[in-house]
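Engineer: can't give you the sequence, but here's the structure:
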C-alpha cells in the first residue's frame, strides 16, 4: 500500500521515478497513528511537509536541468509563424503590435498555472466551440487572468488542447502600441489591417489585455475600435480572449450590449491559500538563488497567511509574493543567511502597522490590566469595560474569529453615560492615540445616495468614506455615532 501511494505521489508530482521523498509523503498521508504522533511532537503539519517536498523537488530539477523555467536562464527565442501543415499565412502588420505568447511558452518563459483549473477549463470549452469562440476574463488585478492565457499558450505548444485549438498561435495585442501616434482615421486603418492579418492567417488566437480600452480607444470624436471588431468577433473564423476588471467591465463594456453579446464571461476569482502556497514555493527557488539565502517552509506559509488576512490591496498570490520578497530583501540587508517566520511577521507588521507577532511581556501586562487603565478615566460601566478587555485578549491570543473585526459592540444608553468616552479610552490605550478612532456621524448617511458615499458604489467607481478610512488605518477603532439613524 505504501509503495502504491508513493507511485501515485510521484506521478502527480511529474517525476520520472519514485524518490525517497515520495515514500515519506505517502507515509505521512497514511492513517498510522504513530506517524501522526511523531508529526505532532515535531510540530510539523502535512502542509509544511508538502511545501518542503515541493521545494526539494524544484531545487533538484533546477540543478539537473536548468531549462524550462524563466528564473533559471534567459533562453533564445525562435519565432514560428507557420503551422505544421503550412496552411497559415504570415501576419507582418499585426506582429508590430503583438507579443507571441506561443513563442514565449516554447522557450519556457511562461506557462505554469497554479489554481484556476475551473476557469481554464471554461476558457477551453468556449474557444473550442463552433460559434462565437470568444471569451472575456473578468477579475481584479493580480487574480491570474494573464497566467491562464499564458498556460493556454504552453498547452498549445505541447498539443494538449482540443482539435479546434491545435497548432494555433496565441498573440497578445498591445493596445497602447496600436493606438500610439494615430491621428484622424489612422487608428481605424490600423485596426482593419490588424484584423485582416488575423483572418488571413487562419491560426491566430488574439488576446487583448485591458479590452475595455477598445471601447474608449478612439475617443468621443473618432470611430470606436470595438465597432470595427464586432462583425469579425461574432463569426467563427477568429477567436478573441479579452481581460478586464469587474469595475471596468461594468463601466465600459456592460453598457455596450452588442459588444457583450460577442463574448462569454469567465469570472477569475482569487486563488486559495493552498494554491498560493504552491505558487510562492515555486518563486522561492528564484529568491534563494538571487539573495543566497535559505527560506524556511514556515516563512512561506506565514507570507501567504498574513498577506491573505492583512494585505488586501492585492490578491493572492501577488500579495504573498511581494511580502515574501520584501522580507527576503530585509533579511539580506541584515546579512542573514536564513529567512524565518518571525522575519516575515516583522515585515508584515511594518507594512500594515498592525501587531502580528505574539504579545511581549509589556503588551501582555497591558492587556491583563486593560480594565484598570480604562477605569482611570471612566467611572463605572463595568460590564462594557469587561467585554472590551475580554475581546482584546482573545484577539491577541489568536482566538478571535477570522475574517472580520476584532470585535463589534453596540453601546446602548442615554446621553452622557460615557459611551463615546469609553471608545476614546480604548483607542488611546490599545491603538496608541485617540486619533486612531475613526468617527462617523450616521445622521449624515440616511438615504441610498449618502450611504454609497459611506461604503462606496457596487461597481467601485465611487470610494466610500468608511472603506477608505479603514484601508488607510486597518488597525483602528471605528465609532458609528448616532447609529440608530
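Structural biologist: Good, I have the coordinates. Fair warning: this is a prediction, and the values are worked out from it, not measured in the lab. Numbering: from 1, shown residues only.

Engineer: now do the strands in the stretch 101-250 of the chain.
Structural biologist: 135-138, 169-173, 204-208, 239-244 (DSSP state E, counting those that start in this stretch).

Engineer: quick one, which of these is nearest to residue 42?
Structural biologist: Of all the strands of the stretch 101-250 of the chain, it is strand 135-138 that lies closest to residue 42, at 42.6 Å by CB to CB. For every residue, glycine as well, the C-beta is placed using N, CA and C.

Engineer: contacts for the closest one?
Structural biologist: Strand 135-138 has contacts (CB atoms under 8 Å, 6 or more residues apart in numbering) with 119, 122-123, 126-127, 145, 148-149, 211, 240-246, 249, 253, 263-268.

Engineer: so where's the stretch 1-150 of the chain shaky on pLDDT?
Structural biologist: For the stretch 1-150 of the chain, the stretches with pLDDT under 70 are 14, 30, 59-78, 82-83, 85, 87.

Engineer: state the distance from the nearest residue to residue 332 once chain neighbours are set aside to residue 27.
Structural biologist: Residue nearest to residue 332 in three dimensions, not counting chain neighbours: residue 291, with 4.5 Å by CB to CB, 6 or more residues apart in numbering. Relative to residue 27, residue 291 is positioned 33 Å away (CB to CB, to the nearest Å).

Engineer: between the two, tell me which one has more neighbours.
Structural biologist: Set side by side, residue 291 and residue 27 show more neighbours around residue 291, with 18 against 13, by other CB atoms under 10 Å.

Engineer: give me phi/psi at that one?
Structural biologist: Main-chain dihedrals, residue 291, degrees, to the nearest 10: phi -100, psi 0.

Engineer: contacting residues around it?
Structural biologist: With CB under 8 Å, 6+ apart, residue 291 has these contacts: 328, 329, 331, 332.

Engineer: what sits up against whatever helix or strand the second one lives in?
Structural biologist: When secondary structure is defined using DSSP states H and E, the element that contains residue 329 is helix 318-333. For helix 318-333, the surrounding residues in contact (CB under 8 Å, 6+ apart) are 142, 276, 279-280, 283-284, 287, 291-293, 295, 299-300, 303-304, 306-308, 311-314, 338-339, 343-344, 346-348, 351.

Engineer: and the helix or strand following it, average pLDDT?
Structural biologist: Next along the chain after helix 318-333, taking DSSP H and E as the criterion, comes strand 338-339. Averaged across strand 338-339, the pLDDT comes to 92.

Engineer: contacts for strand 338-339, please.
Structural biologist: Applying CB under 8 Å, 6+ apart, the contact partners of strand 338-339 are 293, 294, 295, 296, 299, 327, 328, 331.

Engineer: turn the buried ones among these into a named ChimeraX selection, would you?
Structural biologist: Of those, the buried ones go into a single ChimeraX selection, burial set by 16 or more other CB atoms under 10 Å:
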select :293,295,296,299,327,328,331
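
Engineer: ok, of the contacts of strand 338-339, which one's closest to residue 111?
Structural biologist: Looking across the contacts of strand 338-339 and measuring by CB to CB, the closest to residue 111 is residue 295, at 23.8 Å.

Engineer: now the closest one: closest residue in space, sequence neighbours ignored.
Structural biologist: Residue nearest to residue 295 in three dimensions, not counting chain neighbours: residue 339, with 4.6 Å by CB to CB, 6+ apart.

Engineer: what's around the one you found, how many residues?
Structural biologist: When neighbours are defined as other CB under 10 Å, residue 339 has 28 of them.

Engineer: that one and residue 285: what is the separation?
Structural biologist: Look at residue 339 and residue 285: by CB to CB, they are 13 Å apart.

Engineer: swap in residue 248?
Structural biologist: 35 Å.

Engineer: tell me if I'm right that residue 175 and residue 212 touch.
Structural biologist: No - Residue 175 is beyond contact range of residue 212, at 9.7 Å (criterion: CB atoms under 8 Å).

Engineer: those two - which one has more neighbours?
Structural biologist: Neighbours per residue (other CB under 10 Å) separate residue 175 from residue 212, with residue 212 holding more: 24 against 17.

Engineer: show me the contacts for the more buried one.
Structural biologist: If you count contacts by CB under 8 Å, 6+ apart, residue 212 has them with 244, 245, 248, 249, 251, 252, 253.

Engineer: among those residues, which are in helices?
Structural biologist: Among the contacts of residue 212, DSSP state H puts residue 248 in helices.

Engineer: list just the nearest of the contacts of residue 212 to residue 474.
Structural biologist: residue 245 (22.5 Å).

Engineer: so what does that closest one look like in phi/psi?
Structural biologist: Main-chain torsions, residue 245, degrees, to the nearest 10: phi -100, psi 170.

Engineer: and residue 270, what does it touch?
Structural biologist: Listed by CB under 8 Å, 6+ apart, the contact set of residue 270 reads 140, 143, 315, 316.

Engineer: quick check: the farthest pair among the residues you listed?
Structural biologist: 140 and 316 (10.9 Å).
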